[in-house]
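Asker: Structure, please.
(one chain, ligands or ions: 2)
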Amino acid sequence: MSFTYDFGQSHANAAYKGKTTVNTKLFINGEWVEGSGKTIDVINPTNGKKITEIQEGTAADVDKAVDAAEKAYKTSWGERVSPAERGKLLIKLAELIEANADELSALETLDNGKAYSIARGFDIMEAAHVLRYYGGWADKDHGKNINIGPGKMAFTRHEPIGVVGQIIPWNFPMLMFSWKIGPALATGNVVVLKPSEFTPLTALRMCDLIKEAGFPPGVVNIINGYGPTVGAAISEHPRIRKVAFTGSGAVGRQVMKAAASSNLKAVTLELGGKSPNIIFDDCDLDNAVKWAAFGIFLNHGQACCAGSRVFVQEGIYDEFQKKFLEHVKTLKVGDPFEADTFQGPQISQIQYDRIMGHIQSGKDDGADLLLGGERFGHEGYFIQPTVFGSVKKEMKIGHEEIFGPVVVLLKFKTTEEAIEAANDTEYGLASAVFTKDISKALNVASRIEAGTLHVKRYNFLTAEVAFGGHKQSGIGRELGDEALKNYTESKSVIINLDGSAP
Ligand SMILES: NC(=O)C1=CN([C@@H]2O[C@H](COP(=O)(O)OP(=O)(O)OC[C@H]3O[C@@H](n4cnc5c(N)ncnc54)[C@H](O)[C@@H]3O)[C@@H](O)[C@H]2O)C=CC1
Ligand code: BAL
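Answerer: Ligands and ions are numbered 1, 2, ... in the order given. This is a model prediction of the structure:
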């Protein structure tokens, strides 16, 4: 079961005019295998029509994948292969992504609705960057020697955990795939991964490239399916020793409970945000306006790190608001295959309805609707870029994650007031500060409760820099060398050098 899509024929404006063929079965032990017999429709968010259907996996398929992964771990991966060899394969996979970047970008755009120019310029190339980066780490994750005195020595080894489960969302399908498999494979683990049921296509296409790169069968296994079945089976599996999850806080809690009540597997969670972007009177206003818009409207607001609360100091508030609205009106919404489109559709009817519900609550609560607030166009799940002013924290749009193209502007007087308001949330993922005063920026940096603070920019996600949340935005860090810790067990080896008796 596979499907072929001809971009040249279906999208006159597509930069990529070729075809793609995606196998829509499950990928276990390096082979395409049948699922339960049931299928999941994959919907094009640009028009709401079915693109294709994929096979639905079950808990029994997760079992089969774990069997295959365990076998691979014991025979052809883990500590049976040199770290340098693991690194070589990851770098080969990065090269294959780059060689197929146009096709993968077009597929991501079709499945997710994100602008092709952004998929090509960021998502796909950054996924390759992440895999190359972790390929480089594979033979550099060293333990250490510890001096414990004469006649003895001690050292630590960083060993792989074994079979790891990974559950990813739909907002950055290829990127989240790379964030998950990169550090796991570099450190010698084997993977059972569930893509989002909304955006499975690039993960499935990646299976061909994983085979082509030369990874042994069973090292990466991909099980399509729904959260409460396949996702839950991964979280509660007794032979999966670690689970990494990205998605909603509600499901993150379920994953953690399942991990605790099964085999106490290690858990990392990358959850939501309501991130503050603090803009001081002394900033470069035009730059701040552009970065603030990029901070919220990138990926149609479907980013956990989106700068969705923009705090503007009172001296420039009116001018900022005027320039911000003018700039947002220039961001093109529409067909994601058009070269100059910035914002495409939301991922699904469910997300569209959720976001429109938030917008309605903002209107009902008396916030000033300054821009947008309605459907864009006549088909698909497009929403106009929406800006609310005069928002109070107590309003639902002032404190709940919206995960859509909706931003709230809030006025502040003093630095203290801005920091207090910015931290007045259970989230703590990202943040930003715009000021020309470096001391002020560093003061804010040290006091903001968030995993990332940008100074004079927004949304910088790169392989080298750790990413993750304080408070209820998550547990653990992805990216950078910090992610390697998620996938290794440290073993202390203590040696009696002279063999003396106790
Ligand atoms: N942190 C992030 O990057 C993301 C955050 N979200 C947040 O979540 C909200 C809802 O979006 P959803 O698609 O419903 O997110 P979700 O949390 O339901 O889905 C994320 C992943 O978890 C899986 N999943 C669902 N139920 C599960 C379960 N019981 N056990 C294990 N896995 C399960 C899904 O199949 C998907 O692969 C969004 O509005 C947004 O606020 C959503 C996607 C990504
Ligand atoms: N989930 C990782 C990147 C983001 O959504 O902002």
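
Asker: all contacts plus neighbour counts: C-alpha atoms, from now on.
Answerer: Fine.

Asker: okay, which residue is most central for this structure?
Answerer: Centroid-nearest residue in the chain, with C-alpha atoms, centre = their mean: residue 176, separated by 4.2 Å.

Asker: show me what contacts that one?
Answerer: By C-alpha atoms under 8 Å, 6 or more residues apart in numbering, the contact set of residue 176 is 168, 169.

Asker: That one should be in a strand, yeah?
Answerer: No: secondary structure assignment places residue 176 outside any strand; it is helix (DSSP: H, G, I helix; E, B strand; the rest coil).

Asker: Would you mind measuring from the residue sitting furthest away from the middle of the chain to residue 151?
Answerer: Relative to the centre of the chain, the most outlying C-alpha is that of residue 501, 53.8 Å out, by C-alpha atoms, centre = their mean. Distance from residue 501 to residue 151, counting by C-alpha to C-alpha, to the nearest Å: 12 Å.

Asker: go on, residue 305?
Answerer: Relative to residue 151, residue 305 is positioned 52 Å away (criterion: C-alpha to C-alpha).

Asker: of those two, who's got more company?
Answerer: Neighbours were tallied for residue 305 and for residue 151 using other C-alpha atoms under 10 Å; the higher tally belongs to residue 305 (30 against 11).

Asker: Could you say which helix or strand holds the more buried one?
Answerer: Assignment of secondary structure by DSSP states H and E places residue 305 within no helix or strand.

Asker: now swap in residue 154 and tell me
Answerer: Under DSSP H and E, the secondary-structure element containing residue 154 is strand 152-160.

Asker: Now stretch 416-423: buried residues?
Answerer: Under the neighbour-count criterion of 16 or more other C-alpha atoms under 10 Å, stretch 416-423 has 418, 419, 422, 423 buried.

Asker: From the rest of the structure, what touches stretch 288-300?
Answerer: Contacts to stretch 288-300, defined as C-alpha under 8 Å, 6+ apart, come from residues 114, 171, 277, 279, 306-308, 310, 320, 323-324, 327-328, 342-346, 385, 404-407, 434, 456-459.

Asker: For the protein, which residues are neighbours of ligand 1?
Answerer: Within the chain, the positions adjacent to ligand 1 are 167-171, 195-197, 226-228, 231-232, 246-248, 251, 254-255, 270-272, 303-304, 401, 403 by C-alpha under 6 Å from any ligand atom.

Asker: What subset of those is buried?
Answerer: In those, burial by neighbour count holds for 167-171, 195-197, 226-227, 231-232, 246-248, 251, 255, 270-272, 303-304, 401, 403, counting by 16+ other C-alpha under 10 Å.

Asker: just to revisit the earlier point, separation between the residue nearest to the centre of the chain and residue 63?
Answerer: The spacing between residue 176 and residue 63, counted by C-alpha to C-alpha, is 23 Å.

Asker: Flag every residue of the protein that's near ligand 2.
Answerer: Residues of the chain that fall close to ligand 2, judged by C-alpha under 6 Å from any ligand atom: 303, 304, 305.

Asker: Setting aside sequence neighbours, what's the nearest residue to the second one?
Answerer: Residue nearest to residue 304 in three dimensions, not counting chain neighbours: residue 272, with 4.9 Å by C-alpha to C-alpha, 6 or more residues apart in numbering.

Asker: likewise the last one?
Answerer: With C-alpha to C-alpha, 6+ apart as the measure, residue 430 is the residue that lies nearest to residue 305, at 5.3 Å, once sequence neighbours are left out.

Asker: Next, that neighbour: secondary structure please.
Answerer: Going by three-state DSSP: residue 430 is coil.

Asker: Correct me if wrong: it contacts residue 273.
Answerer: Yes: between residue 430 and residue 273 there is a contact under C-alpha atoms under 8 Å: 7.4 Å.

Asker: Find residues that contact each of the two.
Answerer: Common neighbours of residue 430 and residue 273 (C-alpha under 8 Å, 6+ apart) are 305, 306.

Asker: between these two, which one's more packed in?
Answerer: Between residue 430 and residue 273, counted using other C-alpha under 10 Å, the more crowded position is residue 273 (32 against 29).

Asker: That one against residue 402, yeah?
Answerer: No: the criterion here is C-alpha under 8 Å, and residue 273 misses it with residue 402 at 9.1 Å.

Asker: a helix runs through residue 183, doesn't it?
Answerer: Yes: the assignment for residue 183 is a helix, going by three-state DSSP.

Asker: contacting residues around it?
Answerer: Residue 183 makes contacts with 134, 479, 483, 484, 487, as judged by C-alpha under 8 Å, 6+ apart.

Asker: Buried subset of those residues, written for PyMOL?
Answerer: Selection of buried members from the contacts of residue 183 for PyMOL, criterion 16+ other C-alpha under 10 Å:
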select buried, resi 134+479+483+484+487
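
Asker: Out of the contacts of residue 183, which comes closest to ligand 2?
Answerer: Proximity of these to ligand 2 (C-alpha to the nearest ligand atom) peaks at residue 479, which lies at 10.3 Å.

Asker: What score does that closest one have for pLDDT?
Answerer: Per-residue pLDDT puts residue 479 at 98.

Asker: repeat for residue 293
Answerer: Value for residue 293, per-residue pLDDT: 98.

Asker: quick one: which helix or strand includes it?
Answerer: Residue-wise, residue 293 maps onto helix 285-297 under DSSP H and E.

Asker: Tell me the first helix or strand C-terminal of that helix.
Answerer: Downstream of helix 285-297 (by DSSP H and E), the next one is strand 309-313.

Asker: Can you name the element that comes right after that following strand?
Answerer: helix 317-329.

Asker: after that following helix, next one along is what?
Answerer: Using DSSP H and E, the first helix or strand after helix 317-329 is helix 349-364.

Asker: Outside of that following helix itself, list whatever touches it.
Answerer: By C-alpha under 8 Å, 6+ apart, the list of residues contacting helix 349-364 from outside reads 346, 369, 373-374, 381-383, 388, 395-397, 402-404, 406.

Asker: of those residues, buried ones?
Answerer: Buried members of these, scored by 16+ other C-alpha under 10 Å, are 346, 369, 373, 381-383, 388, 396-397, 402-404, 406.

Asker: Show me which residues of the helix or strand that the strand holding residue 154 is followed by are buried.
Answerer: Sequence order places strand 163-167 as the next helix or strand after strand 152-160, per DSSP H and E. Neighbour-count burial for strand 163-167 flags 163, 164, 165, 166, 167 (criterion: 16+ other C-alpha under 10 Å).

Asker: Equivalent analysis for stretch 93-107, please.
Answerer: For stretch 93-107, the neighbour count (16+ other C-alpha under 10 Å) marks 93-98, 101-107 as buried.
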